[in-house]
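# could you work out the structure for the sequence below:
(chains A and B)
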Number of protein chains: 2
Amino acid sequence: MADLHPQLIDVAFLLGTWTGSGRGEYPTIEPFEFTEVVTFDHVGKPFLAYTQRTRSIATNMPMHAESGYWRFPVPGLVEVVLSHPTGITEIEQGTFTTDLSGVIVIELVSKVISMTTTAKTVTALERSIRIDGDVLDYQVSMAAVGLPLQHHLAARLVRN
Amino acid sequence: MADLHPQLIDVAFLLGTWTGSGRGEYPTIEPFEFTEVVTFDHVGKPFLAYTQRTRSIATNMPMHAESGYWRFPVPGLVEVVLSHPTGITEIEQGTFTTDLSGVIVIELVSKVISMTTTAKTVTALERSIRIDGDVLDYQVSMAAVGLPLQHHLAARLVRN
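Next up, the predicted model:
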């Protein structure tokens, strides 16, 4: 295994495989529950490789997936590049902070969202992530198909 | 293993792990040679999950990587969503055709390229891929850092 790049030392708390479950909702769809696996990996370069997959709890069939890279060019800043099999690419940027009790909070807002010709329209995404040791809670808000930004996903993951 | 989604039957020729080597050049950098691993995978849904990694032949250190999804919404059409750890997301679209001898040609042109705040500027990418059985040859052209679209990468991969 390669040594961790110096730019990643402050964010080593993300590394590993996180699993858990969550719940999704949006006005245009039925609410749904899912299991989730997230991985953060590194190769010695100044970024984390990221993958995410969910499965329906009701049917155990694959639901969402996304993959991309997390960059930390300046201490406290985060740049995320992602693609989604729904035909969407996304750049999110934001900050991470650590409070006095060691809880890490990452707040990300979409900078650019682009779509293939046949993809549904997504216009904004926001992620709020809270990491307390080996427990990661996140919430995602989304503006899509003409609707304003609103709560879409919440999940709790635990590092394996 | 999930059954292949009907939209993927025509593109099953991509599935698997491809390895090989190639050469890159651009006016702003020294030419370089690399080994490469590409994977195309599926989960039963109408897209292929894609990853790519290269390593320097000179140093064996990781070089480029990219990950994303390939979609085939209509026979003969391809939509690709990708992200790069250099802080770039990319949508490429194009066609695939099969000639009388069974050689498959995929031609992709970037539709949208977006960058994080600290990424270098890439304005256009084009990929030309030729698959003859278990041999895949590709060429990538790139317009970046103010320079016009021009040859950047060529590689030959073989399916494992």
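
# just the element for the spatially closest residue to A:Trp18 that is not a sequence neighbour, please.
Using Cβ to Cβ, 6 or more residues apart in numbering or on different chains and skipping residues adjacent in sequence, the residue nearest A:Trp18 is A:Leu157, 3.9 Å away. No exception for glycine: its C-beta is placed from N, CA and C like everyone else's. If you go by DSSP states H and E, A:Leu157 is part of strand A:150-159.

# how far away is the spatially most central residue of chain A from chain B?
Nearest to the geometric centre of chain A sits A:Arg127, at 6.8 Å (Cα atoms, centre = their mean). Using Cβ to the nearest Cβ, to the nearest Å, we find A:Arg127 at a distance of 15 Å from chain B.

# do you know the pLDDT at the nearest residue to A:Ala144 once chain neighbours are set aside?
Counting by Cβ to Cβ, 6+ apart, A:Ala144 lies nearest to A:Val122, which is 4.5 Å off, once chain neighbours are set aside. pLDDT, A:Val122: 98.

# can I assume A:Val122 is in contact with A:Thr89?
No: using Cβ atoms under 8 Å, A:Val122 is not in contact with A:Thr89, being 10.2 Å away.

# and chain A, which of its residues are near chain B?
Chain A has residues A:2, A:43-45, A:47, A:49, A:51, A:53, A:61-62, A:65, A:67-69, A:71, A:73-74, A:79, A:81-85, A:87-91, A:93, A:111-112, A:114-119 near chain B, with proximity defined as Cβ under 8 Å from any Cβ of the partner chain.

# among those, which ones are in strands?
The strands, defined by DSSP state E, take in A:47, A:49, A:51, A:53, A:62, A:65, A:67-69, A:71, A:79, A:81-84, A:88-91, A:93, A:111-112, A:114-115 from these.

# find the residue closest to A:Pro73 in space, skipping its chain neighbours.
Excluding the flanking residues, the one nearest A:Pro73 by Cβ to Cβ, 6+ apart is B:Thr118, at 4.3 Å.

# and the gap between the one you found and A:His64?
Shown here: B:Thr118 relative to A:His64, a distance of 28 Å by Cβ to Cβ, to the nearest Å.

# more neighbours: those two, which one.
Taking other Cβ atoms under 10 Å in any protein chain shown, B:Thr118 and A:His64 do not tie; A:His64 has more neighbours (17 against 13).

# correct me, but that one touches A:Arg53?
Yes: A:His64 is within contact range of A:Arg53, at 7.5 Å (criterion: Cβ under 8 Å).

# the residue nearest to A:Trp18 against A:Thr19, yeah?
Yes: in this structure A:Leu157 lies within contact range of A:Thr19 using Cβ under 8 Å: 6.1 Å.

# and for these two, which residues touch both?
A:Glu36, A:Val38 (Cβ atoms under 8 Å, 6 or more residues apart in numbering or on different chains).

# more neighbours: those two, which one.
Neighbours of A:Leu157 and A:Thr19, each counted by other Cβ under 10 Å, are more numerous for A:Leu157; the result is 23 against 13.
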